[in-house]
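>>> What follows is a predicted protein model with its sequence.
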Amino acid sequence: LCNYHNFDIQWGNHDILWMGAASGNDSCIANVIRMSMRYGNLGTLEDGYGINLLPLATFAMDTYADDPCTIFMPKMNFADAHYNEKTLRLITQMHKAITIIQFKLEAEIIDRRPEFGMANRKLLEKIDFERGVFVYEGKEYALRDTNFPTVDPADPYRLTEEERELVEKIHYSFMNSEKLKKHMRCLFTYGGMYLVSNSNLLYHASVPLNEDGSFKHVKIRGKEYWGHKLLDKADQLIRTAYFDEEGEEDKEFAMDYIWYMWCGPEAPLFDKDKMATFERYFVEDKELHKEKKGYYYTSVSYTHLRAHETLMNLV
């Protein structure tokens with residue numbers, strides 16, 4: 001595709017996740033690996049991009065040696081999979097290991113960026129580890145898995161020394177994958193948040209709206225953006241995360257924001273109140289699995305058309 005003469009890509013939140021991983025955002029890296037484990041797709045990471053998963057495998061085998069990790073069995077068509085029982089067992093252990101690490105890494109961003117308004121997504125602290133229940137908004141929910149050997153109840157988001165070392169090794173592997181760099185350059189060169197072509201407006205997911213169908217004003221670093229201005233700002237930040245020099249303040253914010261674009265409630269590529277990853281793994285009650293969509297998805301169609309027309313006029 002990268003060698004084709006004429007094409008374009010409208011970024012979606014899954015594209016952004018990989019772009020964030022290639023930029024060096026460890027939370028994005030953990031999410032990418034988790035989903036590869038969830039769907040038994042190790043080939044893309046190991047064979048396609050040369051990502052070294054041996055440190056994760058070693059850590060997972062040691063940490064979860066006696067844990068059946070039942071809820072972390074990959075979701076795939078076993079008739080088409082060529083994994084033997086031992087390999088599947090290892091994948092479930094790796095899946096659980098990187099999931100817990102992901103929750104810890106995401107909490108670091110949430111603490112660092114209170115303006116993201118995502119403190120309610122720090123959920124490890126809501127586990128009653130002694131009783132094995134999840135306490136959320138005054139109600140208790142049974143947990144599907146109660147074995148958390150790397151989580152300190154007194155400091156649930158602290159990475160253990162082994163986890164921190166593992167994150168550094170995986171980070172190094174992602175940052176030194178030449179094939180990944182090539183594909184990400186392709187996404188940046190031929191992609192963007194939206195495109196207007198032949199009077200067609202092309203974009204992924206949503207343009208955040210208010211209940212009345214007007215553009216929602218989203219605050220980024222103290223300044224409000226809406227409509228195409230919001231998409232332009234997001235586009236700029238995503239490129240800053242990948243291309244700018246390390247250590248600069250704008251780069252540091254953009255690195256965190258690229259993760260927000262994956263799962264943030266006011267991110268145009270997501271636009272839901274939450275990404276219920278924790279709940280879908282650990283909580284049996286499906287009521288907590290629901291992700292409430294923004295008004296773009298729930299407003300009647302004429303407000304969509306009005307918003308689209310306004311956006312088209314602006315661009």
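Everything's here; your move.
>>> Following the longest helix anywhere in the chain in sequence, what is the next regular element?
Longest helix of the chain, by residue count under DSSP state H: helix 85-112. Following helix 85-112 in sequence order, the next helix or strand is strand 127-128 (DSSP states H and E).
>>> Which elements pack onto that following strand?
Strand 127-128 sits against strand 133-136, with contacts defined as 3 or more C-beta pairs under 8 Å, 6 or more residues apart in numbering; DSSP states H and E. Every residue, glycine included, has its C-beta placed from N, CA and C.
>>> so what's the residue nearest to residue 42 when sequence neighbours are not counted up against?
Leaving aside its chain neighbours, residue 42 sits nearest to residue 36 (6.2 Å; criterion: C-beta to C-beta, 6 or more residues apart in numbering). Residue 36 makes contacts with 42, 44, 45, as judged by C-beta atoms under 8 Å, 6 or more residues apart in numbering.
>>> Can you verify residue 36 is assigned to a helix?
Yes - the assignment for residue 36 (DSSP: H, G, I helix; E, B strand; the rest coil) places it in a helix.
>>> Now do it against residue 14, distance only.
For residue 36, the distance to residue 14 equals 12 Å [C-beta to C-beta, to the nearest Å].
>>> again, but for residue 31
10 Å.
>>> Between those two, which is the more surrounded one?
residue 31 (26 against 14; other C-beta atoms under 10 Å).
>>> and the more buried one, backbone torsions?
Recorded main-chain torsions at residue 31 are phi -60, psi -40, according to degrees, to the nearest 10.
>>> which ones are touching it?
17, 21, 102, 262.
>>> which one is the third one nearest to, not counting chain neighbours?
Think residue 102. Per C-beta to C-beta, 6+ apart, closest to residue 102 is residue 30, 3.8 Å.
>>> now the first one
Once flanking residues are discounted, residue 17 sits nearest to residue 262: 4.8 Å by C-beta to C-beta, 6+ apart.
>>> Name all residues that make contact with the one you found.
Contacts of residue 262 by C-beta under 8 Å, 6+ apart are 13, 16, 17, 20, 28, 31, 269, 270, 275.
>>> center of this protein - which residue?
Central residue of the chain (C-alpha atoms, centre = their mean): residue 262, 4.6 Å from the mean position.
>>> any idea how far that one lies from residue 130?
33 Å.
>>> on that earlier part again, which of the contacts of residue 31 tops the neighbour count?
residue 21 (28 neighbours).
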